[in-house]
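Kindly return the folded structure for what I paste below:
(2 chains)
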Number of protein chains: 2
Amino acid sequence: MLSKAKLKYIRSLERKKTRNEAGVFVAEGNKLVADLLPFFGCELLIAKSSWMATQGDIPTKELLDVDEDELRKASFLKTPQDVLAVFRQPAWQLDAADPSQQLVLALDGIQDPGNLGTIIRLADWFGIGHIVCSEDTADVFNPKVVQATMGALARVQVHYTDLQAFLTLHGEACPIYGTFLDGDNLYTKTLSGTGILVMGNEGNGIRPGIGELVTERLYIPNYPPTQETSESLNVAIATAVVCAEFRRRQQRSADTV
Amino acid sequence: MLSKAKLKYIRSLERKKTRNEAGVFVAEGNKLVADLLPFFGCELLIAKSSWMATQGDIPTKELLDVDEDELRKASFLKTPQDVLAVFRQPAWQLDAADPSQQLVLALDGIQDPGNLGTIIRLADWFGIGHIVCSEDTADVFNPKVVQATMGALARVQVHYTDLQAFLTLHGEACPIYGTFLDGDNLYTKTLSGTGILVMGNEGNGIRPGIGELVTERLYIPNYPPTQETSESLNVAIATAVVCAEFRRRQQRSADTV
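Take a look at the predicted model:
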């Protein structure tokens, strides 16, 4: 049974301000909630009794048995599933995102929650542990972002900071990569296993102030090179192609050692 | 001025059945409409007078000057722009999708309109001219798909057919590639510049009946190979990484000839 106050509380977590003040976020779905439960403290979990019956001990402060109608009212999904959980936001430390030790992804003003979630998911696939975002990038704890990550939040940390200051701080010690329509062919550039890869806003790309700090300008070749094609790739798509190429090179070096 | 009947007609085009019976589709936005106008016959174009003033001759059967409120009512977008157009559906011929002559993309049950649109856009980037879809794949003329293609429909043809029959027909003459979690490393496989690349449904991947026809099973390596990561990549992301690798190899061969 879900009280009106609890329902109102869950619905209020659609807003970033409310989420951050409460220090929590919402995740939904049988698989996603099960994937996140071992990694994030759970404040409140509401589920159908049929789902609960399939679980062992559920580590949550509060557990509520709800019916389909209550879940539908609480859910942020078009097709609600059997469980919704309110997790505590983790205390991710920006200091751990050290680009002299690893490849760090930096996002300059990504707006679309689906794109951000997809980027977090692919970062996980390609072993990128830290994403550093400009303050105006979509919020990682937006329910749409959380759903699109498909559980990758358990392994990828997402930080928000002054991106220009972050790049300036690390730019002397490591390469800063970015994609530009007038960049150099990705496949003929030297790529390091450490440094920062900057990806820009959906409509406008990387901002000039950030772009000036990029030392290695990359371009994903279209095919055939002479033919007219779309003017750009979706930002999550471009991120994936570049990350895949970084990792292909590293794996090739590892194989030949 | 937009009559009630015209508004009702435009809104009815959200449904696939209505679109196909009328043989039309809707595209919106200053850039997208301008990109498609040279390639598709235009039945009806509604726009603000401010937009019309920036255009030369507009090749459309019917042109209506509308205000912001009328556009908002007609629009399928969250943030309507200055123009909406109803285009005639092109008569794309499946015979042109000949995988003995080119790399053809095949989609087995892609459900999400955003994914389909993004795949069409990246196909254009990578010079793939034909996408062959199973009958249950999302409809290319769904307004959400059209918007996500960002104009790539001018260069990429999308066909719907019995995918199993299509693969059977062409399987003897050319390789059929597909991605599987137990496939072979993409980077160590021989990739041809012709053939069919099959990508599967978001939740379930490639159907068994289709999977049996795949002769080259591919896997996009995660990184590092020993570490636990997300269980899969978004289908548009996976499509991009594989297409990029096909084209990288072809370009490399071309460069060394």
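
Tell me the spacing between the residue lying farthest from the centre of chain A and residue A:184.
Computed with Cα atoms, centre = their mean, the residue of chain A farthest from its C-alpha average is residue A:226, at 34.4 Å. Distance, residue A:226 to residue A:184, by Cβ to Cβ, to the nearest Å: 18 Å. Bear in mind the C-beta positions are built from the backbone N, C-alpha and C, glycine included.

Can you name the residues of chain A that neighbour chain B?
A:114, A:118, A:121-122, A:124-127, A:150-152, A:155, A:187, A:220-225, A:227-234, A:236-237, A:240-241, A:244-245, A:247-248, A:250-252 (Cβ under 8 Å from any Cβ of the partner chain).

the strands in the stretch 51-200 of chain A, which residues?
Applying DSSP state E, counting those that start in this stretch to the stretch 51-200 of chain A gives strands spanning A:62-65, A:83-88, A:103-108, A:130-134, A:157-161, A:176-185, A:195-200.

TSV for the ones you listed, including distance to residue B:83?
Conversion of the strands of the stretch 51-200 of chain A to TSV gives the following (distance: least, Cβ to Cβ, whole Å):
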stretch	distance to residue B:83
strand A:62-65	49
strand A:83-88	40
strand A:103-108	29
strand A:130-134	31
strand A:157-161	36
strand A:176-185	25
strand A:195-200	26
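
and residue A:204, how many neighbours?
Residue A:204 has 11 neighbours, counted by other Cβ atoms under 10 Å in any protein chain shown.

Apart from its neighbours in sequence, what residue is nearest it?
The spatially closest residue to residue A:204, leaving aside those adjacent along the chain, is residue A:109, at 7.5 Å (Cβ to Cβ, 6 or more residues apart in numbering or on different chains).

Could you do residue A:37 as well?
Closest to residue A:37 by Cβ to Cβ, 6+ apart is residue A:59, at 6.2 Å.

Can you classify residue A:246 as helix, strand or coil?
Following DSSP: H, G, I helix; E, B strand; the rest coil, we place residue A:246 in the helix state.

Next one, pLDDT for it please.
Looking at residue A:246, its pLDDT reads 97.

What is the burial count for the nearest residue to it once chain neighbours are set aside?
Leaving aside its chain neighbours, residue A:246 sits nearest to residue A:191 (5.3 Å; criterion: Cβ to Cβ, 6+ apart). Residue A:191: 20 surrounding residues under other Cβ under 10 Å.

same thing with the one 4 residues further on?
Burial of residue A:195 is recorded as 21 neighbouring residues (other Cβ under 10 Å).

What distance do you get for it to chain B?
15 Å (Cβ to the nearest Cβ, to the nearest Å).

Isn't that residue up against residue A:104?
Yes: Residue A:195 is within contact range of residue A:104, at 7.4 Å (criterion: Cβ atoms under 8 Å).

circling back to that earlier point, helix, strand, or coil at the residue farthest from the centre of chain A?
Once three-state DSSP is applied, residue A:226 turns out coil.

Off-centre distance for stretch A:132-149?
6 Å (Cα atoms, centre = their mean, to the nearest Å).

and the closest residue in space to residue A:163 that isn't next to it in sequence, what are its bridge partners?
Distances taken as Cβ to Cβ, 6+ apart place residue A:134 nearest to residue A:163, at 4.1 Å, with adjacent residues excluded. Bridge pairing for residue A:134 (DSSP bridges) gives the partners residue A:161.

how about residue A:134, what does it touch?
Counting by Cβ atoms under 8 Å, 6 or more residues apart in numbering or on different chains, residue A:134 touches A:107-109, A:160-163, A:210.

tell me the two of these that are most distant?
Distance extremes for these: the farthest pair is A:160 and A:210 at 14.7 Å, using Cβ to Cβ.

neighbour-wise, which of those two wins?
Neighbour count, other Cβ under 10 Å: between residue A:160 and residue A:210, residue A:210 has more, with 22 against 17.

any idea how far the more buried one is from residue A:242?
16 Å.

Equivalent analysis for residue A:167, please.
17 Å.

One more: residue A:195?
Taking Cβ to Cβ as the measure, residue A:195 falls 12 Å from residue A:242.

low-confidence ranges in chain A?
A:257 (pLDDT under 70).

Residue A:166 and chain B: what is the separation?
23 Å.

tell me the contacts of that residue?
Counted by Cβ under 8 Å, 6+ apart, residue A:166 has contacts A:94, A:106, A:132.

bridging residues for the second one?
Beta-bridge partners recorded for residue A:106 (DSSP bridges): residue A:132, residue A:198.

Surely it and residue A:162 touch.
No: counting by Cβ under 8 Å, residue A:106 stays clear of residue A:162, with 11.5 Å between them.

Give the residue from these two that has the larger number of neighbours.
Legend: neighbour count by other Cβ under 10 Å for residue A:106 and residue A:162, higher for residue A:106 (30 against 11).

if I look at the more buried one, how far off is residue A:239?
Distance check for residue A:106 against residue A:239: by Cβ to Cβ, it reads 11 Å.
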